[in-house]
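Q: sharing a model that was predicted from the sequence below.
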Amino acid sequence: MKISILVNEGPYTHQASDSAYQFAKAALEKGHEVFRVFFYNDGVNNGTRLTVPPQDDRNIQKNWSELAEKHKLDLVVCIAAAQRRGILDEGEAKRHGKGEGSANIAPGFRISGLGQLIEMGIESDRLVVFGD
Amino acid sequence: MLHTVNKSPFQTNSLASCLKHAQKGDAILLLEDGVYGALKGTIASGDIWSKRVELRFYVMSADVAARGLQKSQLIEGLNMIDAGGFVDLVVAHKTSQAWL
């Protein structure tokens, strides 16, 4: 079955990012297709490569990036929510004059618009929402 | 329909709202802090107890354990599930509503 996931809460806030990750992993293990994971509002903070959690803690961002690499997942960060919170890719960093090397989007994530959320709702058999 | 509740009933009204709107035969999944709603002997337990026949209740077992709770402290007859069980619930129901 084609499943999409919406994450509305940042990592290390309550538990939504963890629940969403565990759900995505379990769905893939059961042989389902995760069509897309869309990160909205504070959820975009899942997609910064600059997170450095303590070594004995889970690294939520890295977990997402590794899962994306393993299963070719489409991890999409909402552009307006990302810009407000300082999540930039190369193109956006340049466009806003933020200087070289300031792009901080994590591996496996890409920045796009709300159309991607609508599309995944249409294209998927199921849409599951995690948030605050 | 599948309803997910991830906040404690002692913190928000999401469980009460969910139970008011859920239709006969719907599934309710308590996860994260929502598992506090599954405790017996609280002011919130009666709501679940009175709906235990017309609705089906599921509780994320890892979230119960993470809060130091025992199954014996929960309302009888709730189904304990893991992340795989959550996926199965999503697949089994055409729509899901997160009561955030």
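A: That came through fine.
Q: near chain A, which residues of chain B?
A: On the criterion C-beta under 8 Å from any C-beta of the partner chain, chain A has as its neighbours in chain B the residues B:4, B:6, B:31-33, B:62-63, B:82-84, B:86-88, B:90-91, B:96, B:98, B:100. (Each C-beta comes from the backbone N, C-alpha and C, glycine too.)
Q: ok, of these, which come out buried?
A: With neighbours counted by 16 or more other C-beta atoms under 10 Å in any protein chain shown, the residues of chain B next to chain A contain buried members at B:4, B:6, B:31-33, B:62-63, B:83, B:86-88, B:90-91, B:96, B:98, B:100.
Q: please pull out the lowest mean pLDDT helix or strand from chain B.
A: For chain B, the helix or strand with the lowest mean confidence is helix B:45-50, at a mean of 94 (criterion: mean pLDDT, DSSP states H and E).
Q: what mean pLDDT does the next helix or strand after it get?
A: Following the chain from helix B:45-50 toward its C-terminal end, the next helix or strand by DSSP states H and E is strand B:56-60. Here strand B:56-60 scores 98 as its mean pLDDT.
Q: what comes into contact with the helix or strand that comes right after strand B:56-60?
A: From strand B:56-60 onward toward the C-terminus, using DSSP H and E, the following helix or strand is helix B:61-66. Residues external to helix B:61-66 that are found in contact with it (C-beta atoms under 8 Å, 6 or more residues apart in numbering or on different chains): A:15, A:22, B:30-35, B:38, B:71, B:74, B:80-83.
Q: what does chain A put close to chain B?
A: Counting by C-beta under 8 Å from any C-beta, chain A comes close to chain B at A:1, A:3, A:8, A:14-16, A:19, A:22-23, A:25-27, A:29-30, A:32, A:126-132.
Q: please indicate which of the residues you listed are buried?
A: In terms of neighbour count (16+ other C-beta under 10 Å), the buried residues within the residues of chain A next to chain B are A:3, A:8, A:14-16, A:19, A:22-23, A:25-27, A:32, A:126-131.
Q: just the ones in strands from these, please.
A: Counting by DSSP state E, these place A:Ile3, A:Arg126, A:Leu127, A:Val128, A:Val129, A:Phe130 in strands.
Q: nearest to chain B, of the residues you listed?
A: Checking these against chain B by C-beta to the nearest C-beta gives A:Val129 as the nearest, at 3.9 Å.
Q: show me where the chain has strands.
A: Just going to use chain A. Along chain A, counting by DSSP E, strands occupy A:2-7, A:33-39, A:75-78, A:109-112, A:126-130.
Q: I was after chain B.
A: Using DSSP E, the strands assigned to chain B run over residues B:2-5, B:27-30, B:56-60, B:79-81, B:96-98.
Q: elements contacting the second one?
A: Meaning strand B:27-30. In terms of contacts (3 or more C-beta pairs under 8 Å, 6 or more residues apart in numbering or on different chains; DSSP states H and E), strand B:27-30 is packed against strand B:2-5, helix B:14-21, strand B:56-60, helix B:83-92.
Q: repeat for the longest one
A: Helices and strands in packing contact with strand B:56-60 are listed as strand B:27-30, strand B:79-81, helix B:83-92; criterion 3+ C-beta pairs under 8 Å, 6+ apart.
Q: would TSV of those with mean pLDDT be doable?
A: Formatted as TSV, these follow (pLDDT from 0 to 100):
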stretch	mean pLDDT
strand B:27-30	98
strand B:79-81	98
helix B:83-92	98
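Q: in CSV, list the ones you listed along with distance to A:Gly101.
A: As requested, those are exported to CSV (distance: least, C-beta to C-beta, whole Å):
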stretch, distance to A:Gly101
strand B:27-30, 43
strand B:79-81, 45
helix B:83-92, 37
